[in-house]
Structure formats: C-alpha cells, structure tokens
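In: Just need the structure, nothing else, for what follows:
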Amino acid sequence: MAAVPPQAEMGRFAVLGATSWGVTLAWLLHANHNDVVLLTRTSAEADSVREEHGLARLPELHLPRDVHVQPVPAPPGLDGAIIAVPAQALRASVATSGLARDIPVLSAAKGIDHTGGLRMSQVLGELGWPPGLVAAISGPNLAHEIARGLPAAAVVASASKETAEVWQRALAGPAFRIYTSFDLTGVELAGAYKNVIAIAAGAAWGLDFGANTVSTIMTRGLAEMARLGVAFGCDPLTFQGLAGVGDVATTCFSPLSRNRRFGELLAGGRTVDQARTEIGEAIEGIATSGVALELAREAGVELPICAEVAAVVAGEKTVAEAMLSLLARPLRPEAGSAS
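Out: Next comes the predicted model:
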C-alpha cells in the first residue's frame, strides 16, 4: 500500500458510540498516538466495555487500557469527535453528548434520518455544527477485518479540505488508507444506499440464486444509487469509488455484512422483527429503503430495487414476490435506464 500521510501532532479525540465500528475507530485513533475517549450511553455500558477491553461481539479487537471509556457527557478540550451511533439514534445521542460545536465532527453512521429525510451531516448542522467542521467517512469497512489489521481504505468527505485532512491524519495507518473528497452528499448517499442493495443481495443469497444474481443486483443497484445521487447534484465518479462500488461489493458479498445477513434471514422465512433480533445490531437499510424512495419521488427518479426492498420490509411483499417483480420488468437498454 502507499505511504501513510505524515502524522500530525497527537490530538485528543472522542468517539461517541460503543458500536463495533465506534470501538474500531477508537482503536485506530489510539494506534496513531492520539488521546482517545470512548463515550457510552450509560455507566453500565462503560463498565462492560472496560471489563471486555472492547466488545464481546468484536473479539478480534482489544482496546488498550489508556483508551478512556466513560459515559456521556464528553470532557472539555477535545480536538474533534467521531459520531459512531446508528443513524436513527444520531440526533438524540448527540443532543445529550455534551460535545462542543466548535470542533471538527465526523459522522460514521451510514443512513438517512427517517423522520426528515436528512443526511447525517445535515442533522449535525441542525444540531449546531458549522458546515466547514462537518465530515463523513464511508467505504468498504467491515469492523471485524479492520480489527484484524487487514488492509482497507475509506474516504472522508467534507466541504472543508482542512476538516477532511484532520481526519485523514488522525485515522490513516499502515493498513488503513484514507482518501478525501469534497462530495459530502455523494459519499453519504452512497454509504446509506448500499445498505438497501445489500438487503436485496442477501435475499438472493438466501434463495440460493448464486453469484450471477448477486452481481446483477449489485450492478443495477449501483445504477440506482448514481441516478439518485446525480439528481441531488453529486459527482457521478463518487459512486465508482470507495463509498460506492467499493462498499457495495463488500456488503453484497461478505457474510460479515449485517444488511446482507438480514436479507438472507428474510429469504429464509424470518419476519423483519425476528431477523433484527437475531442479528442484534442496527440494520440501517430498513429505514433507508423507505426514505430513499421519498427522496427519489422528490427528484423524479425511479429506484426499482429499493422499491422492492421497501415493500418487503414493510410486509407488503414476500422476498420471492419482490424478486419476481424485478425479473418481470420491461426489457430496455442498459445505459441510462432504470433497473
């Protein structure tokens, strides 16, 4: 892999959220010699993370003892904060976090707020952060693989070059390469929409349809993602990058993907609630499927795969019915067409 960017002076950063990804990001920050505090919802959760030196569901990673674990509110004097809670919990979690609004903030949540159709950067803006201090990270980033030290990469997007570079320096390491982007909207939409595609791919795996089917869903899903993004002024090349095809490929083909696993369970006969309970972590694609359809209606674009996923999670169709609906769509040219 290419050389790591020059290391900045050690900073003091907080990570809000003891999720698998949040704990992994805290570990990456610490590996770059930063002072790190991991903020939990409750004292009991903080005690559990300290006892486990991480999370039982992430056995590959052991947090060093000098990563401070404490419940909110955040301590003063931070140089930046990463928000690593599920998208639908972000607003409430940040509101009680005690984080200052004059420090760089990085959203690690891949979803769209189901109550207002807002991207996470927009929610953070409503919560008081200036646009130039807000960034988002996305890419093919399975926490279990990064925790094992396997090579990976991500993209950090922000309207501010300086803010993006803060996080590039803070997180990049020998096996974790960070790129930057100005296309914040595109990176966030890609990160959220890939979860919807992964549910459809998981359903195909669950029906034993094979790699041909999954690759078709992935490719046509990327076309939907790009169509939606371009309608909102995004750079089409974003969807060919780490946040687009990179993340989609990982979540469609890796059994470690929660959204893929959710689709598999639905195809196997589980209800939405049963599948969520069995997985035990946030399935961002559930809420995103419905919100993305609303955004598509506003923009006047068609998202056939997303529509079928939304119908399945709403209980309006079975997985088999949704797959048949997609296969029965009219034939058309590939370039520029709906799925």
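In: quick one, helices of the stretch 1-150 of the chain?
Out: Taking DSSP state H, counting those that start in this stretch as the criterion, the stretch 1-150 of the chain carries its helices at 20-31, 43-52, 90-95, 120-126, 143-147.
In: do you know which of those helices lies nearest residue 189?
Out: Residue 189 lies closest to helix 120-126 among these, at 10.8 Å (CB to CB). All C-beta atoms are positioned from the backbone trio N, CA, C, and that covers glycine.
In: Which elements pack onto that closest one?
Out: helix 90-95, strand 105-107, strand 134-138, helix 184-206 (3 or more CB pairs under 8 Å, 6 or more residues apart in numbering; DSSP states H and E).
In: end-to-end on stretch 95-112?
Out: Distance between the two ends of stretch 95-112: 17 Å, counting by CA to CA, to the nearest Å.
In: how far out from the middle of the chain is that stretch?
Out: In terms of CA atoms, centre = their mean, to the nearest Å, the centre of stretch 95-112 is found 14 Å from the chain centre.
In: Show the average pLDDT along that stretch.
Out: Stretch 95-112 shows a mean pLDDT of 97 in the predicted model.
In: try stretch 17-35
Out: For stretch 17-35, the mean pLDDT works out to 98.
In: and the gap between residue 222 and residue 106?
Out: Separation of residue 222 from residue 106 (CB to CB, to the nearest Å): 25 Å.
In: And the two? Which one has more around it.
Out: residue 106 (29 against 22; other CB atoms under 10 Å).
In: In contact with that one: list those residues for me.
Out: Shown in contact with residue 106 (CB atoms under 8 Å, 6 or more residues apart in numbering): 80, 81, 82, 83, 135, 136, 137, 156, 167.
In: Make a PyMOL selection of whichever of those residues turn out to be buried.
Out: Of these, the buried ones can be selected in PyMOL as follows, counting by 16 or more other CB atoms under 10 Å:
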select buried, resi 80+81+82+83+135+136+137+156+167
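In: and which of the contacts of residue 106 is nearest residue 52?
Out: Nearest to residue 52 among the contacts of residue 106 is residue 82, at 20.2 Å by CB to CB.
In: Touching, that closest one and residue 21? I think so.
Out: No. Contact criterion CB atoms under 8 Å: residue 82 and residue 21 do not qualify, at 9.3 Å.
In: who touches both of these two?
Out: With CB under 8 Å, 6+ apart as the test, residue 82 and residue 21 both reach residue 108.
In: ok, which stretches of the stretch 151-300 of the chain are strands?
Out: Ranges of strands in the stretch 151-300 of the chain, per DSSP state E, counting those that start in this stretch, are 152-158, 176-181.
In: so which of the ones you listed is the most packed in?
Out: Highest mean neighbour count of the strands of the stretch 151-300 of the chain: strand 152-158, a mean of 25 (counted as mean count of other CB atoms under 10 Å).
In: contact partners of it?
Out: Applying CB under 8 Å, 6+ apart, the contact partners of strand 152-158 are 106, 132, 134-142, 145-146, 164, 167-168, 171, 175-184, 186-188, 241-243, 246.
In: Compare the helices and strands packed on helix 120-126 and report which one is nearest to residue 74.
Out: Residue 74 lies closest to helix 90-95 among the helices and strands packed on helix 120-126, at 10.2 Å (CB to CB).
In: That closest one - contacts with which helices or strands?
Out: Other helices and strands packing on helix 90-95, by 3+ CB pairs under 8 Å, 6+ apart, are strand 80-83, helix 120-126.
In: How far off centre is that helix?
Out: 16 Å.
In: Can you give me the neighbour number for residue 277?
Out: So residue 277, with other CB under 10 Å, has 11 neighbours.
In: and if you look at the one 5 residues further on?
Out: Counted by other CB under 10 Å, the residues lying close to residue 282 total 21.
In: what's the spacing between it and residue 179?
Out: Taking CB to CB as the measure, residue 282 falls 25 Å from residue 179.
In: Residue 261 too?
Out: 28 Å.
In: Please apply the same query to residue 224.
Out: In this view, residue 224 and residue 179 are 24 Å apart by CB to CB.
In: do residue 79 as well
Out: As for residue 79, its distance to residue 179 is 21 Å (criterion: CB to CB).
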